[in-house]
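1. Got a sequence here, can you build the structure:
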Amino acid sequence: MRTVEKSRLVRERWGSMEWLVDADLQPGARLSLARMRIDPGQCSALHRHLDCDEAVHVVAGEIEQRVGGHLLRLGPGESAHIPAGQVHCSRALGAEAAVLLVAYSAGHRIYQPC
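-> Alright, predicted model coming up:
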């Protein structure tokens with residue numbers, strides 16, 4: 001078994017995604033894990049993944065997590081499950097950036113903007 005020692009940073013207009021594990025970094029991986037940073041007051045793009053579930057865990061800051069028609073307010077140590085196909089986005093609340101761990105039930109994700 002090989003441990004991946006590199007990651008892939010993707011900058012977005014709202015912050016960044018640092019991919020820690022996925023099928024691109026570790027061929028054959030059947031899950032994905034990323035560290036997400038959302039800048040203060042910013043929101044990730046509204047989207048869905050038809051092929052996988054997603055779990056969001058707040059490490060720092062506070063977010064408003066949209067899951068379908070529901071809005072959840074989450075702080076450090078709190079998590080949300082997003083079933084496959086649900087429209088969702090995350091918004092950083094307050095004056096500090098939000099840091100999340102985001103896990104997916106697929107090594108490659110189909111990203112569908114809404």
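
2. Identify the residue nearest the geometric centre of the protein.
-> residue 102 (3.9 Å; C-alpha atoms, centre = their mean).

3. separation between it and residue 41?
-> Separation of residue 102 from residue 41 (C-beta to C-beta, to the nearest Å): 20 Å. C-beta coordinates here come from the backbone N, C-alpha and C atoms, glycine included.

4. re earlier: and the residue nearest to the centre of the chain, what are its phi and psi?
-> The phi and psi torsions at residue 102 (degrees, to the nearest 10) take the values phi -130, psi 120.

5. Can you spell out which residues form a bridge with it?
-> When bridges are called by DSSP bridges, residue 102 pairs up with residue 34, residue 56.

6. Looking at it now. What's its pLDDT?
-> We have a pLDDT of 98 for residue 102.

7. Need phi/psi at the nearest residue to residue 104 once chain neighbours are set aside.
-> Nearest in space to residue 104, with sequence neighbours left out and distances taken as C-beta to C-beta, 6 or more residues apart in numbering, is residue 32 at 4.1 Å. Main-chain torsions, residue 32, degrees, to the nearest 10: phi -130, psi 150.

8. do the same with residue 53
-> The phi/psi pair for residue 53 (degrees, to the nearest 10) reads phi -80, psi 160.

9. Could you report the neighbour count for the residue nearest to residue 104?
-> 24 (other C-beta atoms under 10 Å).

10. correct me, but it touches residue 17?
-> No. Residue 32 is not in contact with residue 17 according to C-beta atoms under 8 Å; the separation is 10.1 Å.
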